[in-house]
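Participant: what follows is a predicted protein model with its sequence.
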Amino acid sequence: MFRHLLAHTKTLSLSSRQTLLLWLGAGCVGLVAVILAKTAEWAFKLFSHLQAHWVWLPLLLVPAGGVLARWLMQKMGQGAQGSGIPQTKAALELTQEVSLADRLLSIRIAVAKFLGIVIGLGSGFVLGREGPTVQIGASIMYALHRFSPKDSAVFRRQLILAGGAAGIAAAFNTPLAGIVFAFEELARSVEEQTSGKLLGAVIIAGVVSLAILGDYVYFGRIHVPNFDYGIVLPVIVISTMCGLVGGAFSWVCIHTERWLPQPITQWRQQQPYYFVAACGLLIAICGLIAPIHGSGAEITSEAINHAQTLPWYFTPLKWAGMVLTFLTGLPGGIFAPSLSLGAGVGSWFSGLFSDTSNVKLMAIGMVGLLAAVTRAPLTAAVIMMEMTDGHDMVISSLAAAMIASYVSRLFRVNLYHELADQSLRNLPPLIKTDSMK
């Protein structure tokens, strides 16, 4: 299809033809992101419906769903495990080595990621769809390099960046966050040659999403009074706590060998299906105490819309659920769960700062926790403002993101960066050696 369409553009310059190819791909990314959003939403609603009627059913459903997702990854999804953002970052380092990048970004991986995230949410694991959407979008766009009139490492890099940004923008109706995320987290710099193409991709993917889903905010709308200096102390205290909670999460995920007992580590390697089922069972038990299943968007939106805090025990159980889900290696993002976890941290301080609205406290916690986990403060602040229409909290959000990100550095862990390095190290040694001779 793409070759047929490109055949009618031979009179255009090479740059124009590549831009058209990129924009056409962005439309496909937007459509797939919307389909994933609606399918994942339906899957989690089904889980919630079953849980409401049979409260003990998750004790069977979560482990069984985890085993199914693990089997799917084993059969067709090598490279689709985990968040998806580290794999995308790793692929950006391999644009000169197509055979290696294909092991991190491909249509096969995109399909496995799609199915894995739907199964994971449908069975109640604690995860979001943002990371998977980034890898799916980057995979779709990266596959288009084969249709380019002139393939190059530069163009492949532009496709990956645009695909990741378009995926974030379309999935959550956050176009600015998609652009900022691509430069702050994926590229780690602003690239003049890429910025125009990336902006066009985000616009097109966003238009596709808006045309199907309409204008919406992912976590509900935040309505708070204008900025006043009384918010300074809550920002400092809550952001510091978020930096500690988020930094601890990243450290635990990266340094499993330092805290996970050796017999359990060996069991995890030798009996992965049993290990996934055990993690699923623990998550289900936590879910009987607090509503930790899924991304947490629903319970957090309800708390924000009704200005009600989350119970104190929600945060430690949500944190534990996120760690257990990470250990399984199932496809799943941490953006939305981190925002929900942050709302729980903010709720802890509702009694201490009774003069400040509960919504403000939760919003500060949300942006702070996301910044602490991702170590991308600007992305955290922008995505928080777009996901909640929280433009009245621009200064507070930026300050909270900066403080939390700084505090999380005490743990000396950059989650996405170190997971990307792991993805590169896990590539088949023989292939890596041959391709880099």
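Facilitator: Nice, I can see it. Just so it is clear, the structure is predicted and the values come from calculations on it, not from any experiment.

Participant: quick one, domains of this structure?
Facilitator: Recorded structural domains for the chain (assignment: automatic domain parsing) are 14-213, 229-422.

Participant: quick one: mean pLDDT over the shortest one.
Facilitator: The reference is to domain 229-422. Domain 229-422 comes out with an average pLDDT of 91.

Participant: wait, doesn't residue 365 sit right on residue 344?
Facilitator: Yes - taking contact to mean CB atoms under 8 Å, the distance of 7.1 Å between residue 365 and residue 344 places them in contact. Just so you know, the C-beta spots here come from the backbone N, C-alpha and C atoms, and that holds for glycine as well.

Participant: by contact count, what packs against the helix or strand harbouring residue 416?
Facilitator: Assigned by DSSP states H and E, residue 416 belongs to helix 415-425. Applying 3 or more CB pairs under 8 Å, 6 or more residues apart in numbering; DSSP states H and E, one finds that helix 415-425 makes contact with helix 85-92, helix 232-254, helix 358-374.

Participant: gap between the nearest residue to residue 64 once chain neighbours are set aside and residue 380?
Facilitator: Nearest residue to residue 64 in three dimensions, chain neighbours excluded: residue 123, at 6.8 Å (CB to CB, 6 or more residues apart in numbering). Noted for residue 123: a distance of 28 Å to residue 380, by CB to CB, to the nearest Å.

Participant: out of those two, which sits in the busier spot?
Facilitator: Set side by side, residue 123 and residue 380 show more neighbours around residue 380, with 36 against 27, by other CB atoms under 10 Å.

Participant: list the contacts for that one?
Facilitator: Residues in contact with residue 380 (CB atoms under 8 Å, 6 or more residues apart in numbering) are 367, 368, 370, 371, 374, 397, 401, 405.

Participant: still on that earlier bit, any idea which of the domains of the chain gets closest to residue 222?
Facilitator: Each of those was checked against residue 222 via CB to CB, and the shortest separation belongs to domain 229-422, namely 4.1 Å.

Participant: gap between the two ends of the closest one?
Facilitator: Taking CA to CA, to the nearest Å, the span from the opening residue of domain 229-422 to its closing residue is 44 Å.

Participant: okay, residue 148: pLDDT?
Facilitator: At residue 148, the model reports a pLDDT of 77.

Participant: can I assume it is in contact with residue 18?
Facilitator: Yes - Residue 148 is in contact with residue 18 according to CB under 8 Å; the separation is 5.7 Å.

Participant: overlap in contacts, these two.
Facilitator: Overlap between the neighbourhoods of residue 148 and residue 18 consists of residue 155, taking contacts as CB under 8 Å, 6+ apart.

Participant: and these two? Which one has more around it.
Facilitator: More neighbours surround residue 18 than the other of residue 148 and residue 18, with 25 against 18 (other CB under 10 Å).

Participant: any idea how far the more buried one is from residue 47?
Facilitator: Between residue 18 and residue 47 the computed distance is 42 Å (CB to CB).

Participant: give the buried residues for stretch 276-287.
Facilitator: Applying a neighbour-count criterion of 16 or more other CB atoms under 10 Å, one finds 276, 277, 278, 279, 280, 281, 282, 283, 284, 286, 287 buried in stretch 276-287.

Participant: can you check stretch 112-128 too?
Facilitator: 112-128.

Participant: what about that stretch, average pLDDT?
Facilitator: Mean per-residue pLDDT for stretch 112-128: 93.

Participant: got JSON lines for the domains of the chain, with distance to residue 222 too?
Facilitator: Compiled in JSON lines, those are given as follows (distance: least, CB to CB, whole Å):
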{"stretch": "domain 14-213", "distance to residue 222": "14"}
{"stretch": "domain 229-422", "distance to residue 222": "4"}
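
Participant: nearest to residue 428, of those?
Facilitator: Using CB to CB as the measure, domain 14-213 is the one of the domains of the chain that comes nearest residue 428, at 7.6 Å.

Participant: surely residue 208 and residue 31 touch.
Facilitator: Yes - counting by CB under 8 Å, residue 208 sits close enough to residue 31 to count as a contact (5.6 Å).

Participant: who's more crowded, the two?
Facilitator: The neighbour count for residue 208 versus residue 31, taken as other CB under 10 Å, is higher for residue 208 (22 against 17).

Participant: if I look at the more buried one, how far off is residue 387?
Facilitator: When residue 208 is compared with residue 387 (using CB to CB), they lie 19 Å apart.

Participant: same question for residue 117.
Facilitator: Computed with CB to CB, the distance linking residue 117 and residue 387 is 18 Å.

Participant: same thing with residue 347?
Facilitator: Distance from residue 347 to residue 387, counting by CB to CB: 18 Å.

Participant: these two: who's more crowded?
Facilitator: More crowded of residue 347 and residue 387, by other CB under 10 Å: residue 387, with 27 against 22.

Participant: what angle do the helix or strand that contains that one and helix 358-374 make?
Facilitator: In this structure, residue 387 is located in helix 377-388 according to DSSP H and E. Relative orientation of helix 377-388 versus helix 358-374 (axes from the mean of the first three to the mean of the last three CA atoms, to 10 degrees): 140 degrees.

Participant: can you list contacts of the following helix or strand past helix 377-388?
Facilitator: Sequence-wise, the next helix or strand beyond helix 377-388 is helix 394-408, with elements assigned using DSSP H and E. For helix 394-408, contacts defined as CB under 8 Å, 6+ apart pick out 227, 231, 235-236, 238-240, 242-244, 246-247, 250, 360, 363-364, 367-373, 375-378, 380-381, 384-385, 390.

Participant: so among these, which ones count as buried?
Facilitator: Neighbour-count burial (16+ other CB under 10 Å) applied to these gives 231, 235, 238-240, 242-244, 246-247, 250, 360, 363-364, 367-373, 375-378, 380-381, 384-385, 390.

Participant: residues contacting residue 71?
Facilitator: For residue 71, the contact set (CB under 8 Å, 6+ apart) comprises residue 273.
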